[in-house]
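K.L.:
After the sequence you'll find the predicted model.
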Amino acid sequence: MTRDAPSTATGSMASASPATSRVPSARPASAGDLSHPYRPGELALSVMEMRDAGRHAVDLVVQRLCTAADGPPHAVADPVELEALLDEPLPEDGSDLTGLLDHLAQDVLPLGIRFDHPRCFAFVPTTGNYPAVLADLLSTAHLSVPGAWLVGSGPTRVELTALN
C-alpha cells in the first residue's frame, strides 16, 4: 500500500516504508513549457522575469552580507521622510521588480538596528549567513509551516532537530 492510499479499515493514511514510498519531485518529467507562469493571474511573472528578479535578489543579498560592517550600526528615519518616500498610490500597471528590490535594499531595509554590524553592542545572533538565507528562500517558496506535524512534518522535523 502506498502512502497516498487510505486504509479501508480506519480511513486513515497508511504509512509506507521509505524504500517503497516516493516523494514527488519538484519538477515532474512532463513539466511542459516553462515559459509561462506557474499560476496565471494579475500578479504572475514569466519564468524569465522570476529568474532575473531572483538573480538580482541574490546579488543584493551577497552585497549585503559582504558589506555588513559598512555604515552605522543603527539608522533611524524621520517618520515624515519615510512617509514621503513610501506612501504613494498603488500603480495601475506593474513595474520593474528589480527596481523595487533595489529601492527596498537601499532606502528601506537599512533603516533600523543592524544586528550583524561589529559595532552593534546589542548583538543578537540572527540568520545572517548565506545558507540560512537560501533556506529561508526555499521554505518561503514552499509555504513551509513548521508549527504542526499534520501541515508540515518535514519542516517540523528540521525545527525539532535544530532545537535538540
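P.N.:
The structure has been received and is ready for your questions. These numbers come from a predicted model, not from an experiment.
K.L.:
C-alpha only now, for contacts and for neighbours.
P.N.:
Noted.
K.L.:
tell me, what residue is most central in the chain?
P.N.:
residue 137 (3.0 Å; C-alpha atoms, centre = their mean).
K.L.:
host element of that one?
P.N.:
helix 130-141 (DSSP states H and E).
K.L.:
could you pull out the strands for the chain?
P.N.:
Under the criterion DSSP state E, the chain contains strands at 74-75, 112-113.
K.L.:
could the ones you listed be laid out in TSV, adding distance to residue 153, mean pLDDT and mean neighbour count?
P.N.:
Listed next are the strands of the chain as TSV, based on distance: least, C-alpha to C-alpha, whole Å; pLDDT from 0 to 100; neighbours: other C-alpha atoms under 10 Å:
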stretch	distance to residue 153	mean pLDDT	mean neighbour count
strand 74-75	38	90	12
strand 112-113	34	86	14
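K.L.:
In JSON lines, list those along with distance to residue 149.
P.N.:
Shown next, in JSON lines, are the strands of the chain (distance: least, C-alpha to C-alpha, whole Å):
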{"stretch": "strand 74-75", "distance to residue 149": "39"}
{"stretch": "strand 112-113", "distance to residue 149": "34"}
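K.L.:
Between the ones you listed, which one is closest to residue 129.
P.N.:
Shortest distance between residue 129 and these, using C-alpha to C-alpha, is found for strand 112-113: 16.9 Å.
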